[in-house]
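Colleague: any chance you could fold what I've pasted below:
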Amino acid sequence: VQLQASGGGLVQAGDSLRLSCAASGLTFRTDFMGWFRQAPGKEREFVAAVTRSEVTRDYADSVKGRFTISRDNAKNTVYLQMNSLKIEDTAVYYCAAGGIWTRVAARYSYWGQGTLVTVSS
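Modeller: Sure thing, here's the model as predicted:
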């Protein structure tokens, strides 16, 4: 399984950005896809997750109502639409895939390389 994240960049507070994560080699062990982020000097934290069917989605409280996770199984791609971005959203964003529905980063088996999102004032 390989994951390739893209879409990061420099934006201003209040702007929107959409991250993409292209996946290859997905199996039943990668039914669940998630996004995490890591700000400088901080631990990696959960952002959002989605099941294969998109029936269930989960969001961190800090992004709920602003971010939307979705996936296109035909394209093997997961998206993170980020609206009303805040300075505190600045971080490297990672996509992940795994077979367990969880917010715990260590339980995800596969990771993308990360894409940097910088939100300025």
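Colleague: C-alpha only now, for contacts and for neighbours.
Modeller: OK.
Colleague: how about the strands in the chain?
Modeller: 2-6, 9-12, 17-24, 32-38, 45-50, 57-59, 67-72, 77-82, 91-98, 110-111, 115-120 (DSSP state E).
Colleague: and the first one, what does it pack onto?
Modeller: When you say that, I think you mean strand 2-6. Here strand 2-6 touches strand 17-24, strand 91-98, strand 110-111, going by 3 or more CA pairs under 8 Å, 6 or more residues apart in numbering; DSSP states H and E.
Colleague: list the contacts for the most centrally placed residue in the chain?
Modeller: Nearest residue to the geometric centre of the chain (CA atoms, centre = their mean): residue 35, 2.2 Å. By CA atoms under 8 Å, 6 or more residues apart in numbering, residue 35 lies in contact with 46-49, 80, 93-96.
Colleague: one more time with 7 Å, if that's ok
Modeller: Neighbour list for residue 35: 46-49, 93-96 [criterion: CA atoms under 7 Å, 6 or more residues apart in numbering].
Colleague: repeat for residue 98
Modeller: Residue 98 makes contact with 29-33, 108-110, according to CA under 7 Å, 6+ apart.
Colleague: which one among those residues gets closest to residue 9?
Modeller: residue 33 (21.8 Å; CA to CA).
Colleague: the residue nearest to that closest one when sequence neighbours are not counted and residue 74, how far apart?
Modeller: Excluding its sequence neighbours, the residue lying closest to residue 33 (CA to CA, 6 or more residues apart in numbering) is residue 97, at 4.5 Å. Relative to residue 74, residue 97 is positioned 16 Å away (CA to CA, to the nearest Å).
Colleague: tell me which of these two has more neighbours.
Modeller: Set residue 97 next to residue 74 and count neighbours by other CA atoms under 10 Å: residue 97 wins out with 29 against 6.
Colleague: hmm, residue 59 is touching residue 47, no?
Modeller: Yes. With contact defined as CA atoms under 7 Å, residue 59 reaches residue 47; the gap is 5.8 Å.
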